[in-house]
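> What follows is a predicted structure for the sequence shown.
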Amino acid sequence: MEVKNLAKIINHQEIISDINFTLNRGEIVGLVGRNGTGKTTLFRTIANHYQEDSGEVIINGTSLKKECLNYEEIFYLDNQYNFLANLTVNRIASYYKKLYLGFDSEKFFGLIKKHRLPEQVVFKRLSKGMKGLLMIILAISSGANYLLLDEPFDGLDVLIKKQAIQLVLNEVSLNQRPILISSHNLVELEQLIDRVLFLKDQTITKEYHLEELRSEAVKLQLVFKENTLPKLVRDHAKVIDVQGRVIVGIFNPYSPELDKELRALRPIVMEKLPVLLEDLFRADLADEEIFISDDDFIRGNQV
Ligand SMILES: Nc1ncnc2c1ncn2[C@@H]1O[C@H](COP(=O)(O)OP(=O)(O)OP(=O)(O)O)[C@@H](O)[C@H]1O
């Protein structure tokens, strides 16, 4: 799937604009952004629940504008507005069978039974955990090739979450279906995704392949004798935290030369820490300035 220059205006305000990315077979991609940045709007626009104001979504080389039957290739169920509230699991299955020609009833009911979801209870009476599992079972049984999951694990207890995550991982490894998944739980997301897209100021501002990033970037905790930020750090790092004299910064890229130059500044502490998705979130999406002393403040913008 290729998303090209997608934009959506709501009430004369551009909510998302110039969105470009691809979703490739077998990958799980995270969509991350602060509250209200437009993640749900992007999902809705890709899935045609909102009509785009410009741009397009291309599947198998054809724009969805030209071939609307290809919408069957996309599964997106809106957490907020969906038509399932008064339907039982059985009715939901027959509904989806009509919506998706490739809907796999055997798989659907097999998973419903395996996870002991009640078949005769209407959706709105199911617990949050049951709803979450049902949504994922629907997604992976739909036959759609692209699954868009908007905060699918929100509110699930750890055991149900584990089952839900396992279902997602199995689906990707067995059928190579790409998944675009949003979540505010970055620790959880980090264990699932191959790539992350950061949404900020209406558009995708950053994209990271997590494995590549881990091999290229380094997070350092540094303490220097002087209470100022060395120029070298200022020039090469995105500072994500300052506590007294302790500076935490992400250096991307990090090279042996830079390592040597940093050591030449004789830091009192220089410790390597793992780069986490949360660090990137803070580095790229935080607006606030980080103060190091009264007369010297840092605003990281280098990663
Ligand atoms: N139907 C609508 N009518 C008016 N404003 C809307 C509508 N849909 C979205 N918006 C606005 O668009 C912006 C983005 O909302 P959206 O729900 O897409 O963000 P989000 O990133 O999913 O947020 P969150 O992480 O809090 O769920 C918000 O300012 C929201 O108020």
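That came through fine. No experiment lies behind these values; they were computed from the predicted model shown. Residues are numbered from 1 along each chain as shown.
> where in the chain is pLDDT low?
In the predicted model of the chain, residues 69, 287-303 satisfy pLDDT under 70.
> Within range of the ligand, give me the residues from it.
10-11, 15, 33, 35-41 (C-beta under 6 Å from any ligand atom). To be clear about C-beta, it is placed using only N, CA and C from the backbone, and glycine gets the same treatment.
> Tell me which of those fall in strands.
Using DSSP state E, the subset of the residues of the chain next to the ligand located in strands is 10, 15, 33.
> contacting residues around the closest residue to the first one other than its chain neighbours?
The reference is to Ile10. In this structure, Ile10 finds its nearest non-sequential neighbour in Thr41, 7.2 Å apart by C-beta to C-beta, 6 or more residues apart in numbering. By C-beta atoms under 8 Å, 6 or more residues apart in numbering, the contact set of Thr41 is 8, 10, 15-16, 50.
> Sort out which one of those residues lies nearest Asp279 for me.
Ile16 (25.1 Å; C-beta to C-beta).
> Could you measure from that closest one over to Tyr208?
The gap separating Ile16 from Tyr208 is 20 Å, by C-beta to C-beta, to the nearest Å.
> again with Leu169
20 Å.
> and what of Leu147?
Taking C-beta to C-beta as the measure, Leu147 falls 21 Å from Tyr208.
> again with Glu261
25 Å.
> Settle it for me: which of the two has more neighbours?
Tyr208 (24 against 13; other C-beta atoms under 10 Å).
> returning to what we had before: now the residues of the chain next to the ligand in TSV, with distance to Asn86?
Converted to TSV, the residues of the chain next to the ligand look like this (distance: C-beta to C-beta, whole Å):
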residue	distance to Asn86
Ile10	28
Asn11	30
Ile15	30
Gly33	32
Asn35	30
Gly36	30
Thr37	32
Gly38	30
Lys39	27
Thr40	23
Thr41	26
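> Mind telling me the two of those residues farthest from one another?
Greatest spacing in the residues of the chain next to the ligand, by C-beta to C-beta: Asn11 and Gly33 (19.7 Å).
> higher neighbour count, these two?
Gly33 (21 against 5).
> ok, now which ones touch the more buried one?
Contact analysis of Gly33 by C-beta under 8 Å, 6+ apart lists 39, 182, 198-200, 285.
> and of those residues, the nearest to the ligand?
Using C-beta to the nearest ligand atom, Lys39 is the member of the contacts of Gly33 that sits closest to the ligand, with 3.6 Å.
> Relative to Leu232, how far out is that closest one?
Distance, Lys39 to Leu232, using C-beta to C-beta: 36 Å.
> picking up where we left off before, just the closest of the residues of the chain next to the ligand to Lys124, please.
Taking C-beta to C-beta as the measure, Lys124 lies nearest Thr40 of the residues of the chain next to the ligand, at 20.2 Å.
> Look up phi and psi at the residue nearest to that closest one when sequence neighbours are not counted.
Among residues not flanking Thr40 along the chain, Asp150 sits closest, at 5.7 Å (C-beta to C-beta, 6+ apart). Phi and psi for Asp150, reported as degrees, to the nearest 10, are phi -100, psi 110.
> For Asp150, list each beta-bridge partner.
Beta-bridge partners for Asp150, by DSSP bridges, are Ser182.
> What is the burial count for it?
If you count neighbours by other C-beta under 10 Å, Asp150 ends up with 22.
> how does this protein divide up, domain by domain?
2-211, 217-298 (automatic domain parsing).
> I'd guess Leu220 is in a strand, am I close?
Yes - counting by DSSP: H, G, I helix; E, B strand; the rest coil, Leu220 falls inside a strand.
> isn't it right next to Leu273, touching?
Yes - the criterion here is C-beta atoms under 8 Å, and Leu220 meets it with Leu273 at 7.1 Å.
> Mutual contacts of these two, please.
Taking C-beta under 8 Å, 6+ apart as the contact rule, Leu220 and Leu273 both touch Val248.
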